[in-house]
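Colleague: Just to be clear, the model below is a prediction. Sequence and coordinates:
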Number of protein chains: 2
Amino acid sequence: MLQQERHNKILDLLSQLGRVYATELSVTLQVSEDTIRRDLKQLDDAKLLRRVHGGALPLQQEFDEYRERHEEVDPLKKRVALAAIPFIKENQTILLDSGTTCLQLAMNLPTHFNFTVVTPSPLVATKLIHHNNIELILLGGKIFKPAVMALGATTNAMLRKIHFDACFLGICALHPNKGLSINNLDEAETLATIIEQSEQVIALGSSLKLGKMATHKVCDSNKLDLLVTDSNSDQHILNLLKEKGLQIEICAD
Amino acid sequence: MLQQERHNKILDLLSQLGRVYATELSVTLQVSEDTIRRDLKQLDDAKLLRRVHGGALPLQQEFDEYRERHEEVDPLKKRVALAAIPFIKENQTILLDSGTTCLQLAMNLPTHFNFTVVTPSPLVATKLIHHNNIELILLGGKIFKPAVMALGATTNAMLRKIHFDACFLGICALHPNKGLSINNLDEAETLATIIEQSEQVIALGSSLKLGKMATHKVCDSNKLDLLVTDSNSDQHILNLLKEKGLQIEICAD
DNA sequence: TTATTTCTTGCTTGTTTATGCCCGATTTGG
DNA sequence: CCAAATCGGGCATAAACAAGCAAGAAATAA
C-alpha cells in the first residue's frame, strides 16, 4: 500500500469514526506503529487532523462542512458505488439517479475518458461541474425536495427523448417477486420512465434493501440487469434474483 | 505496445483499482520500471493522475470541497444581491439566473412567505433545497460548464412554457445604447428567452458592468425594468438608462 | 532508397525515501 | 508513586528514485 493511500485511508477512518488509535491503525493497515506515528505526524503537519497521545482526532470543522460531512459518507454506500464504476464505458450516455449512493458514484467517476451523464439531481450535477471529460445534461422539472431530484410530467417528457446506454439507480427496496419499489408515487413513475429508456439497468443498494418492499411498485425485478450490493446479502434472495436473470456484483469489504 | 496505449491502460487500471504501483505495472505491462516511472511522470504532468512514491493515485476529489472553501464571497456582489430582495413578492414565480450574484441572492431569499423559484443553475437549486417555503423548479438541458447553467434548445423550449412574474439576471455587460450583452451565444439566446417570458426584468450588476459591451447582444436596454447596482456607478450612464425607462436601485455601501 | 534526427527504452550510477527496529524519554491511568 | 503504553530520534536497509548514457525504433529529410 502506498503511503498516500494509507494517509487517505486514515483520514477516511477518522471521518467515519471520529477518532483513530495508532495501535489499531497499525493492525488494520498492516504497518508498524512507527510508520503510523510518522503518518499521523505528517497529516497533523498538513493540518488534516489533530495528533493526540495514542492516536488522532478530526480538526474543528467549519459549520457547513461539518454538516456536509455528517450528512453522508456512509462507507458501505461508498463501497457499493465504487464497485459500480467499472460498468461505465467510454462514449456511453448514462443516467445517474439521485440519492447518496449515486452521489458517491458521481464523486468517483473515471476521469480519463469521455462519456455523457444525465441526472435529475442538482446535487449530482454540482459535483460534476469540474469534471472535464463528461458532457453533463440536467433533467428539468419540479424538484421533489425529500429526494433532491426533478420529478413529474415535465421530467418524464424530457426523459422520453433520451436513450441511455445504462442507468444507475440507488434502490430503496428490491424484492425478488414483488420487484423494485419506492415510497413516493411520482418518484416511482419517473424511475419507471428511466428504466424504459435504458439499455441496461444497474441497481445499487446495500444488503439492507434486499427482500424489502415499499409502497409504490416501479417494475418487476427481471427488468433489472445488474445489482451491485455488499457481501452481507442474504444468499437465498440473491439466488432468487439470479433466477430472474440479474447479474450480481458484490463489492469489496 | 505503444506508449500511448500503455498510458491508457495505466489510467484504466488506476480508475478500476483506485491506485497503481510502479513495480506491479512494470510486470503487467512488460516494460522496465524506469519506463513506468517516466509514464507516470508524464501523466502527472498532464494532470491525469497524482504521482506518489511507489506508484500513483487518481486525481479528482477534494476539488469542489477546495473550491467551495476558497470561493470567497465578493462583498460588493452580496450587497447588490441583498438590495434586490425587496422586489420579490409573495406567491410570485421568479427566475433566478446563474452567476455568483444570483447565488448570493439565492442564499438570502425571504423565508417567511411562499413563492416559486425557477433556475437553470444546479448550484442555485442546491442552495435552495432546504428552503421550506419555496417551490423549486429546475430547468433542464445541456450544462454549459463555464456558467454552470443549463442552456440551449431544450432549456429554451422548457422556458417558453413558463411565465415569470420577475426574472433576476446577473449581468455581464450593460450599455445604454448597445443594450445587454454577454460573451456566449447560447447563453445570450437563453437569456433572451427568459426576458421574453418575464413580466418584470431585474438586472443585478456592480458598477463595473455598466457602459461595457460583450460579444453577443441579448436585448436592448429598454427591455430591462430595474437595475440594482452600487453607488460607484457613473451618473451619466445611469441617467441614460433612466431615459430608457429603467428604474435604478442603488445598494447600501 | 539512404542519411539524419528524434523518440523511446533499458541500463548504470549515485541519491532519496519509506520503513522497521532499537532505546531512552515522556505520558497515561491507576 | 509505579507500570504500561506511547513517543521521539537515531540507525540500517531495501525499495524507489533521478539523471545521464547508449542502443534501437520511428519519423523525417535528402
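Modeller: In hand now; what should we look at?
Colleague: Look up phi and psi at residue A:20.
Modeller: phi -130, psi 150 (degrees, to the nearest 10).
Colleague: Is it bridged to anything, and to what?
Modeller: With DSSP bridges as the criterion, residue A:20 is bridged to residue A:56.
Colleague: residues near it, how many?
Modeller: 26 (other C-beta atoms under 10 Å in any protein chain shown). Quick note: C-beta positions are derived from backbone N, CA and C, even for glycine.
Colleague: separation between it and residue A:28?
Modeller: Noted for residue A:20: a distance of 9 Å to residue A:28, by C-beta to C-beta, to the nearest Å.
Colleague: For whichever residue of the stretch 51-200 of chain A sits closest to chain B, which non-adjacent residue is closest in space?
Modeller: The minimum distance from the stretch 51-200 of chain A to chain B, using C-beta to the nearest C-beta, falls at residue A:140 (2.7 Å). Leaving out its chain neighbours, the residue that sits closest to residue A:140 by C-beta to C-beta, 6 or more residues apart in numbering or on different chains is residue B:140, at 2.7 Å.
Colleague: which residues touch that neighbour?
Modeller: Residue B:140 makes contact with A:137-141, A:150, A:154-155, A:158, B:150, B:154-155, B:158, according to C-beta atoms under 8 Å, 6 or more residues apart in numbering or on different chains.
Colleague: so what's the spatially closest residue to residue A:3 that is not a sequence neighbour up against?
Modeller: Nearest residue to residue A:3 in three dimensions, chain neighbours excluded: residue B:53, at 6.1 Å (C-beta to C-beta, 6+ apart). Going by C-beta under 8 Å, 6+ apart, residue B:53 touches A:2-4.
Colleague: now do residue A:252
Modeller: By C-beta under 8 Å, 6+ apart, the neighbours of residue A:252 are A:79, A:82-83.
Colleague: Which one of these is nearest to DNA strand D?
Modeller: Distance to DNA strand D, by C-beta to the nearest atom of the strand, is smallest for residue A:82 among the contacts of residue A:252, at 24.2 Å.
Colleague: any idea which element the closest one lies in?
Modeller: helix A:75-84 (DSSP states H and E).
Colleague: Next secondary structure element downstream of that helix?
Modeller: Helix A:75-84 is succeeded, C-terminally, by strand A:93-96 (DSSP H and E).
Colleague: Would that following strand count as contacting chain B?
Modeller: No: Strand A:93-96 lies apart from chain B when judged by C-beta under 8 Å from any C-beta of the partner chain; the minimum separation is 11.9 Å.
Colleague: Go through that strand and flag the buried ones.
Modeller: By neighbour count on 16 or more other C-beta atoms under 10 Å in any protein chain shown, the buried set for strand A:93-96 is A:93-96.
Colleague: in the helix ranked longest in chain A, what's buried?
Modeller: Ranked by residue count and defined by DSSP state H, the top helix of chain A is helix A:3-17. Under the neighbour-count criterion of 16+ other C-beta under 10 Å, helix A:3-17 has A:3-7, A:9-11, A:13-15 buried.
Colleague: just checking, what packs against that helix?
Modeller: strand A:20-21, helix A:22-28, helix A:33-45, strand A:55-57, strand B:50-52, strand B:55-57 (3 or more C-beta pairs under 8 Å, 6 or more residues apart in numbering or on different chains; DSSP states H and E).
Colleague: Quickly compare these and say which is most buried.
Modeller: Neighbour counts (mean count of other C-beta atoms under 10 Å in any protein chain shown) averaged over each of the helices and strands packed on helix A:3-17 peak at strand B:55-57, with a mean of 24.
Colleague: Name the residues that touch it?
Modeller: Residues outside strand B:55-57 that contact it (C-beta under 8 Å, 6+ apart): A:2, A:4-5, A:8, B:10, B:14, B:18-22, B:24-25, B:40, B:43-44, B:49-50.
Colleague: Do me a favour and get the end-to-end distance for stretch A:172-187?
Modeller: Terminal residues of stretch A:172-187 lie 11 Å apart, using C-alpha to C-alpha, to the nearest Å.
Colleague: Just the buried residues of that stretch, please?
Modeller: By neighbour count, with 16+ other C-beta under 10 Å as the criterion, the buried positions of stretch A:172-187 are A:172-176, A:179-182, A:184, A:186-187.
Colleague: and if you look at stretch A:75-94?
Modeller: For stretch A:75-94, burial by neighbour count (16+ other C-beta under 10 Å) applies to A:76-85, A:87-88, A:92-94.
Colleague: returning to what we had before: compare the helices and strands packed on helix A:3-17 and give me the one nearest DNA strand D.
Modeller: Nearest of the helices and strands packed on helix A:3-17 (C-beta to the nearest atom of the strand): helix A:22-28, 4.0 Å.
Colleague: residues in contact with that closest one?
Modeller: Under C-beta under 8 Å, 6+ apart, the answer for helix A:22-28 is A:10, A:13, A:32-33, A:35-37, A:39-40, A:54-56.
Colleague: which of those residues sit farthest apart?
Modeller: Comparing every pair within these by C-beta to C-beta identifies A:13 and A:32 as the most remote, at 17.6 Å.
Colleague: Grab the nearest non-local neighbour of the spatially most central residue of chain A.
Modeller: Note on chain A: the residue nearest the mean C-alpha position is residue A:101, at 2.4 Å, using C-alpha atoms, centre = their mean. In this structure, residue A:101 finds its nearest non-sequential neighbour in residue A:170, 4.0 Å apart by C-beta to C-beta, 6+ apart.
Colleague: coming back round to it: close to DNA strand D as well: tell me which of the contacts of helix A:22-28 qualify.
Modeller: Counting by C-beta under 7 Å from any atom of the strand, A:33, A:37, A:54-55 from the contacts of helix A:22-28 sit close to DNA strand D.
Colleague: Which of the helices and strands in chain A ranks last by mean pLDDT?
Modeller: helix A:63-71 (a mean of 42; mean pLDDT, DSSP states H and E).
Colleague: Would you mind giving the domain segments of chain A?
Modeller: A:3-68, A:72-250 (automatic domain parsing).
Colleague: Lowest mean pLDDT across the ones you listed, which one is that?
Modeller: Note on the domains of chain A: lowest mean pLDDT is at domain A:3-68, with a mean of 81.
Colleague: does it come close to DNA strand C?
Modeller: Yes: interface with DNA strand C: domain A:3-68 contributes A:3, A:6, A:31-32, A:34-35, A:38-39, A:53-54 (C-beta under 7 Å from any atom of the strand).
Colleague: Can you say which two of these are spatially most distant?
Modeller: A:3 and A:53 (23.0 Å).
Colleague: how far does stretch A:21-36 stretch from start to finish?
Modeller: End-to-end distance for stretch A:21-36: 10 Å, by C-alpha to C-alpha.
Colleague: what's the answer for stretch A:172-181, then?
Modeller: 7 Å.
Colleague: ok, and what's touching it?
Modeller: Contact with stretch A:172-181 is made by A:171, A:182-183, A:188, A:191, A:203, A:205, A:209-221, A:223-224, A:227, A:237, A:240-241, A:243-244, as judged by C-beta under 8 Å, 6+ apart.
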